[in-house]
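Q: This is a predicted model, with the sequence first.
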Amino acid sequence: MNNQQEAFDVIVIGAGPSGAVVSSLLKQQGLSVLVVEKTHFPRFSIGESLLPQSMTYLEAANLLQPVVEAGFQYKNGAVFRRASQYTQFDFREKFSTGWGTTYQVKRAAFDKVLADATEQQGVQIKYGYTVTAVNFLNETVEVCCVDEQGNSYHFYGQFLADASGFGRVLPRLLDLETPSCFPVRQSFFTHIKDNISCENFDRNKILITIHPERQDVWYWLIPFSDGTASIGVVVPPELVNKDEDNTRQLQRLIGEASELAQLTDSAEFINPAQKIAGYSANVSKLWGDRFVLLGNAAEFLDPVFSSGVTIALKSAHLAAGLITKQVMGEVVDWQACYHQPLMKGIDTFRCFVEAWYDGSLQNILFFDQKEPGVERMVCSILAGYAWDEANPYVADCGRRLNVLKELCS
Ligand code: FAD
C-alpha cells in the first residue's frame, strides 16, 4: 500500500464544471491547485442544456474558447408545449445585459473539454482518485484518497473546495445534509438518434413538453449538433411502474404526450434509459473553516430550468475570489460574500420551480397576452440571469410572480 503525501494551496474534489472553473480561476491568481477526480474522463453526466449566463463564468475562467471550438449545438432559447399550446422564449430578447446564446452539450465531451483546458492552464488533475476522508488539522486540510488499485494517498491544502456534484463528499463526511424543500421526483432519460424531419423543429432550443393531464410531469428534448438528442421525463414516484424497465417506462411516458411522441416517432434509442431519483438536495451550510461547497455538492433544486450548471459555475466564480483572499491571509466574510449572494439567484430559481410545479408558471408562460417588458424579464431568468437585481423578478421574485399569477390565471 502506497502512502504518498503532497501539499498545495487549494485542493478541489471533482473535475466537473464547477471544479474546472474554480481551479482555473485559482491558478490564474497564482495558487497551486490539485483536483482529485474519482472517474476517468470522458464520462457520462446528466445536465446537457446550458444557460447563457454560464458563458460569463466560462469566459472569466479562460474556458470559453475551447468550448466554442468544440462544435457543440448552438442554443438561443426554450420552447414550451402543453397539448396544443406552444410558446417560445428567445434568450437574445432578455431584459438583462450579457450573453443571449449558449450550447447544448453532451456532458462527456463538454466536461472533458473543460478539464483538459484546465490542465493546460497548469492545474494538476488526478483521475481515478476517490476522496474517502478529510481532516481539518491545525494549519492545513488533509484529504485522504484511494486509487483504483486500493493505494491510499494524503494530500494537504490550505483550503478545500468540494465540487463533487451528486457525490456530495463534504456534506456526507461532515454531516451537513438537510432535506430538500422539494418532494422526491424521478427522471428517466437516454440519448436518441432523433431522426426528426419536421421542418418547424428548432434544434437551437430546448423543448420542454408538459404532460397533457399532469402538470407535475414534464419532458425535455435537447438536440445535439450530430443528429442525436437527449430525451427525458420527470415524474413523481407514484407514476413509476415497478414492473417495467427504465427504457419501457420512458417509452410509455413519451407515448402519453402525443405531440412529443409524434415528433420522435422515428427516433432510435442509442442506449437503454437510465434513471435518477431523489436528486434534489440541500445542506445546513455552504462554507466552513477552510472549506466551501460548490455546485451540486451544495444545493440542487430541480432540472426544469436547466439551472444546474449555471449555479455550479456561479458558485465557482464567486468562491474563487474569496478562496484567493483567504489563502493570501485576508479575513473573508463567507456568509456575506458567498452564501448571501449565491442564495439570491438560487432563491429566484426556487420561486420559479415552485410556481412551475403548482402550475401557475405554466399559465404565465402560455399566457397569450404577455406584456413585452414583463416577458423580457421572465426570459432573463430562463436564460439564467437570476442574480441580476435590476430585474424586478429577481429583486422581489415571490411578490412579482404572485401578481403575475393572478393576471394570467
Ligand atoms: P458534477 O458535474 O456532478 O461533477 C462532480 C465530479 O465530482 C464528478 O466528475 C464526480 O466523478 C466527482 N466526484 C464525486 N465524488 C467524488 C469523490 N468522492 N472523490 C473524487 N471525485 C468525486 N443542469 C443544467 O445546467 N442543464 C440541464 O439540462 C440539466 N439537466 C438535469 C437533469 C436531471 C435529471 C438532473 C438530475 C440534473 C440536471 N442538471 C442540469 C444539473 C446538472 O447535472 C448539475 O447541476 C451539474 O452537473 C453540476 O455540476 P458540478 O460541477 O457541481 O458537479
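A: Happy to help now that I have it. Just so we're clear, the structure is a prediction, and the values are computed from it rather than from any experiment. Residues are numbered from 1 along each chain as shown.
Q: Next to the ligand, which bits of the stretch 201-350 of the chain? Give me the list.
A: Counting by CB under 6 Å from any ligand atom, the residues of the stretch 201-350 of the chain lying close to the ligand are 276, 279, 295-297, 300, 303, 306, 308-310, 312. (Each C-beta comes from the backbone N, C-alpha and C, glycine too.)
Q: how much space is there between Gln215 and Gln85?
A: 12 Å (CB to CB, to the nearest Å).
Q: quick one: which of those two has more around it?
A: Taking Gln215 and Gln85 together and counting by other CB atoms under 10 Å, Gln215 has the greater number of neighbours (17 against 13).
Q: got a list of what the more buried one touches?
A: Contacts of Gln215 were listed using CB atoms under 8 Å, 6 or more residues apart in numbering, and they are 357-359, 362.
Q: wait, which of those is closest to the ligand?
A: Set against the ligand, the nearest of these by CB to the nearest ligand atom is Tyr357 (14.6 Å).
Q: right, and the closest one touches Asp216 too?
A: Yes. Judged on CB atoms under 8 Å, Tyr357 makes contact with Asp216 at a distance of 5.3 Å.
Q: Compare the two (neighbour count), which wins?
A: Higher neighbour count among Tyr357 and Asp216: Tyr357, with 19 against 16, using other CB under 10 Å.
Q: pLDDT wise, what is that one at?
A: On pLDDT, Tyr357 comes in at 96.
Q: ditto for Thr56
A: On pLDDT, Thr56 comes in at 98.
Q: I'd like the distance between the spatially closest residue to Val235 that is not a sequence neighbour and Ser18.
A: Among residues not flanking Val235 along the chain, Val217 sits closest, at 5.2 Å (CB to CB, 6 or more residues apart in numbering). With distances taken as CB to CB, Val217 is found 29 Å from Ser18.
Q: domains of the protein?
A: 3-73+103-179+282-344, 186-277 (automatic domain parsing).
Q: These into a markdown table, with extra columns for distance to Ala395?
A: Shown next, in a markdown table, are the domains of the chain (distance: least, CB to CB, whole Å):
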| stretch | distance to Ala395 |
| --- | --- |
| domain 3-73+103-179+282-344 | 9 |
| domain 186-277 | 26 |
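Q: Single out the most deeply packed of the ones you listed.
A: domain 3-73+103-179+282-344 (a mean of 20; mean count of other CB atoms under 10 Å).
Q: From the chain's centroid, how far away is that domain?
A: Per CA atoms, centre = their mean, to the nearest Å, the displacement of domain 3-73+103-179+282-344 from the mean C-alpha position of its chain is 13 Å.
Q: In helices, which of the contacts of Gln215 fall?
A: Among the contacts of Gln215, the residues falling in helices (DSSP state H) are 357, 362.
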